[in-house]
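*Asks:* How does the following fold in three dimensions:
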Amino acid sequence: MTAPTATATPTLRRGLILAFLRGAVRRSSFAASLVTQYAEKGDLSPDQWAAAERMLEEARTPKEPTTSAPGPSAPVYVPGLDLSSLPVGMYAVPNGTTRLKVQIDRPDEGKWLGWTFVKDGAIYGEGRKYGNQRPGGTYRGEIEDELRAIVADPIAAMAEYGRLTSTCGLCHRPLEKKESVDRGIGPWCYRKMREAVGG
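*Replies:* Okay, the predicted model is just below:
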């Protein structure tokens, strides 16, 4: 069966657009706002229909690979990356070639209860916000590859942060004893991390 084109009847085309928007709600706040408006008012403005149709066409058009230099890119939807099991704390990429440090934060009260936030973890950093994960969702934001490496081995990632900063990534205290400096995490926090991630 071939996909309907722009020459499809307006009702059929709008049905396709609405189905696409409903599928895009979790990764696009614009799609979510259009779906909400359609549910409340029963229609969209002509400009909104046109914008939704452009979104659908862009999603159906294969993207050309880019040859730009590596580095942080614009926030994108990262399917399947789940940060919910990653303990709150400071991390760096284990055995990485970058000095990137990230802070994982998860409020335990208020309107952001259950959300996971990923921010710049450098002591004198820019305070940059890389992305977030809503409760029950998956991560949306930048630095996907780095976060996948951190999630793969959180203890090693927290230890890497400790070696880079001489500070424990869990309790934020200075690492002073040789054993703690070598491991990158203090003994109490190391045990706590092992319990948290099952290591």
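*Asks:* Just to be sure, residue 109 is in a helix?
*Replies:* No. Under DSSP: H, G, I helix; E, B strand; the rest coil, residue 109 falls outside any helix and is assigned coil.
*Asks:* okay, now it: neighbour count?
*Replies:* As a burial measure, residue 109 scores 6 neighbours (other C-beta atoms under 10 Å). Where you see a C-beta, it was placed from the backbone N, CA and C, and this is true even at glycine.
*Asks:* cool, residue 178 as well?
*Replies:* By other C-beta under 10 Å, the residues close to residue 178 number 8.
*Asks:* ditto for the one 10 residues further on
*Replies:* Residue 188 has 13 neighbouring residues, counting by other C-beta under 10 Å.
*Asks:* can you check the one 3 residues further on too?
*Replies:* A total of 11 residues lie near residue 191 under the criterion other C-beta under 10 Å.
*Asks:* any idea which helix or strand comes after the lowest-mean-pLDDT helix or strand in the chain?
*Replies:* Sorting the helices and strands of the chain by mean pLDDT, DSSP states H and E puts strand 76-77 at the bottom, at a mean of 46. The C-terminal neighbour of strand 76-77 among helices and strands, as given by DSSP states H and E, is strand 89-92.
*Asks:* which helices and strands sit right next to the following helix or strand past that following strand?
*Replies:* Next in sequence after strand 89-92, counting helices and strands by DSSP H and E, comes strand 101-105. Under the contact criterion of 3 or more C-beta pairs under 8 Å, 6 or more residues apart in numbering; DSSP states H and E, strand 101-105 touches strand 89-92, strand 116-120, helix 144-152, helix 154-165.
*Asks:* I'd like these as a markdown table, with distance to residue 24, mean neighbour count and mean pLDDT appended.
*Replies:* As requested, the helices and strands packed on strand 101-105 are exported to a markdown table (distance: least, C-beta to C-beta, whole Å; neighbours: other C-beta atoms under 10 Å; pLDDT from 0 to 100):
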| stretch | distance to residue 24 | mean neighbour count | mean pLDDT |
| --- | --- | --- | --- |
| strand 89-92 | 30 | 26 | 95 |
| strand 116-120 | 21 | 20 | 95 |
| helix 144-152 | 19 | 18 | 91 |
| helix 154-165 | 31 | 23 | 93 |
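*Asks:* possible to save these as JSON lines with distance to residue 180?
*Replies:* Shown next, in JSON lines, are those (distance: least, C-beta to C-beta, whole Å):
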{"stretch": "strand 89-92", "distance to residue 180": "15"}
{"stretch": "strand 116-120", "distance to residue 180": "24"}
{"stretch": "helix 144-152", "distance to residue 180": "20"}
{"stretch": "helix 154-165", "distance to residue 180": "8"}
